[in-house]
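Student: give me a 3D structure for the following:
(one chain, ligands or ions: 1)
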Amino acid sequence: MRVLITGGAGFIGSHLAEELLKKGYEVAVLDDLSTGSEANLQSLRGNPGFSFTRGSVLEEGVLSPLVRECDVVFHLAARVGVESIIRHPLGGLEVNIHGTEMVLRLAHKSGSKPVIFTSSSDVYGKNSEVPLKEGDCIKLETVYSNRWSYSCSKAAGEFLAMAYWKEKGLPVLILRLFNTVGPRQTGRYGMVIPRFITQALSGEAITVFGTGTQRRCFASVKDVVGAMVRLLETLVGSGPATFGHVFNLGSDEELSINELAEKVKVITHSASPIRHVSYEEAYGEDFEDIQRKVPNLERLRQFISYNPKYDIDTILKETAEYHRRNPSSLPKSGSGEPLLHASRAGRR
Ligand code: UDP
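Tutor: Here you go, the predicted structure:
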């Protein structure tokens, strides 16, 4: 089976490519390298089952033959990271909505190829009635804040995928990934674990945004891609009843960002101070954080066996080891640097 991974040079996509090749699949990666990197694919070069095309999901001429030649599409290409979306909302909306529509349309046109669309826990928005179930309400916010455009763009992608399933019978699955972490994730787009680890390793202050009482569940990318491949094996080819589903995917072990900062300090044996930074200083005005994100994993477990192997301590040790071996990932800025100075889109 030949699998096309859009966004396959990114953090999750490159781990998925590796896992699929290990299992004997052929893998074609399409990536415009806007946030992904060829270095992520280095170990796959030379594998006869692997090919890489540099290009965007917005380029029909590039995407079309790749979809035609594959048996199934993992659609991961997206603009990622709260920080980068606040800074460039338009690019995010274009790729996440128009790019997803393009993938679905071409998959439909090329003989109804199954599409597994990776969405995000961000679509739950401000719904913090945890654990969050796939059918729960998505609580999105004002259009005056760029912050919610990522959630909205991913939700729009989900509506598009569901519409292709319901109206055209295109076999689609939607995966809502909760905080996925591990080696190769960069802190450049704001993600907390690579930022804390690189700050701790370089002796800079560990910057906790807000009070640090907000909570997240972090899953190892290895557990996550393992589940993605099992879903592919279980669902694709097993009939239409399995399609048109949304699955939460991640870990359901919660910890606060303050606890995370303490753990990172201990695991990296760092003397870095922990510094609390206001959201305004970190992201600019009009930023609202999501307080809690915990997935309900029942539906996933109805379809595949899913018992994450990596707990948070193991994940942090492994990720710290990766950043030690790749010192170029360490920040060059001073510790007092805000994450960004967002321009104000408007006031409520
Ligand atoms: N965060 C932080 N310091 C940082 C980067 C992020 O305290 O240097 C916080 C962020 O405000 C959020 C949490 O860590 O509350 C997780 O952030 P991330 O962007 O990794 O994931 P998301 O908010 O999208 O779940």
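Student: my guess is Leu231 contacts Ile116. True?
Tutor: Yes: using Cβ atoms under 8 Å, Leu231 is in contact with Ile116, at 7.1 Å. C-beta: built from backbone N, CA, C; applies to glycine.
Student: need the residues touching each of those two.
Tutor: Leu173, Leu175 (Cβ atoms under 8 Å, 6 or more residues apart in numbering).
Student: so for the two, which residue has more residues nearby?
Tutor: Ile116 (25 against 21; other Cβ atoms under 10 Å).
Student: for that one, helix, strand, or coil?
Tutor: Assigned with DSSP: H, G, I helix; E, B strand; the rest coil, Ile116 falls in the strand class.
Student: please report how far it lies from Pro327.
Tutor: Relative to Pro327, Ile116 is positioned 35 Å away (Cβ to Cβ, to the nearest Å).
Student: kindly report the same for Leu255.
Tutor: 27 Å.
Student: the more surrounded of these two?
Tutor: Comparing Leu255 with Pro327 by other Cβ under 10 Å, the one with more neighbours is Leu255, at 14 against 10.
Student: so which residues on the stretch 1-150 of the chain come close to the ligand?
Tutor: Counting by Cβ under 6 Å from any ligand atom, the residues of the stretch 1-150 of the chain close to the ligand are Val82.
Student: what number of residues lie near the nearest residue to Ile5 once chain neighbours are set aside?
Tutor: What sits nearest to Ile5 in space, not counting adjacent residues and going by Cβ to Cβ, 6 or more residues apart in numbering, is Phe74, at 4.7 Å. Neighbour count for Phe74, taken as other Cβ under 10 Å: 31.
Student: give me every residue that touches Phe74.
Tutor: Contacts of Phe74 (Cβ under 8 Å, 6+ apart): Val3, Leu4, Ile5, Thr6, Gly8, Gly13, Leu16, Ile116, Thr118, Met228, Leu232.
Student: avg pLDDT for the host helix or strand of it?
Tutor: According to DSSP states H and E, Phe74 maps onto strand 72-75. Mean pLDDT, strand 72-75: 98.
Student: what stretches of the stretch 101-250 of the chain score poorly on pLDDT?
Tutor: 237, 239-241 (pLDDT under 70).
Student: tell me which stretches of the stretch 101-250 of the chain form helices.
Tutor: Using DSSP state H, counting those that start in this stretch, the helices found in the stretch 101-250 of the chain span residues 149-168, 192-201, 221-235.
Student: other residues contacting the last one?
Tutor: Contact with helix 221-235 is made by 3, 11-12, 15-16, 18-20, 23, 72, 74, 116, 173, 175, 177, 180-185, 242-243, 247, 249-251, 300, 303-306, 308-310, as judged by Cβ under 8 Å, 6+ apart.
Student: in that helix, what's buried?
Tutor: Residues of helix 221-235 classed as buried: Val221, Lys222, Asp223, Val224, Val225, Gly226, Ala227, Met228, Val229, Leu231, Leu232, Leu235 (neighbour count, 16 or more other Cβ atoms under 10 Å).
Student: ok, and of those residues, which contact the ligand?
Tutor: Okay, of those, nothing touches the ligand (Cβ under 6 Å from any ligand atom).
Student: which one among those gets closest to Leu140?
Tutor: The nearest member of the buried residues of helix 221-235 to Leu140, counting by Cβ to Cβ, is Val224 at 24.4 Å.
Student: ok, and the closest non-adjacent residue to Thr186?
Tutor: That would be Pro194: by Cβ to Cβ, 6+ apart, it lies 5.8 Å from Thr186.
Student: so which residues of the chain form strands?
Tutor: Along the chain, counting by DSSP state E, strands occupy 2-6, 26-31, 50-54, 72-75, 115-120, 172-177, 180-181, 206-209, 215-217, 219-220, 245-249, 254-256, 274-277.
Student: who's in contact with stretch 264-278?
Tutor: With Cβ under 8 Å, 6+ apart as the test, stretch 264-278 has contacts from 193, 196-197, 199-201, 203-212, 258, 261-262, 313, 316-317, 320, 335, 338.
Student: return the distance of Ser202 relative to Arg275.
Tutor: From Ser202 over to Arg275 (counting by Cβ to Cβ), the distance is 14 Å.
Student: burial count for Leu302?
Tutor: I think there's a mix-up here, since residue 302 is Gln and not Leu. For Gln302, using other Cβ under 10 Å, the count is 10.
Student: alright, I will stop here.
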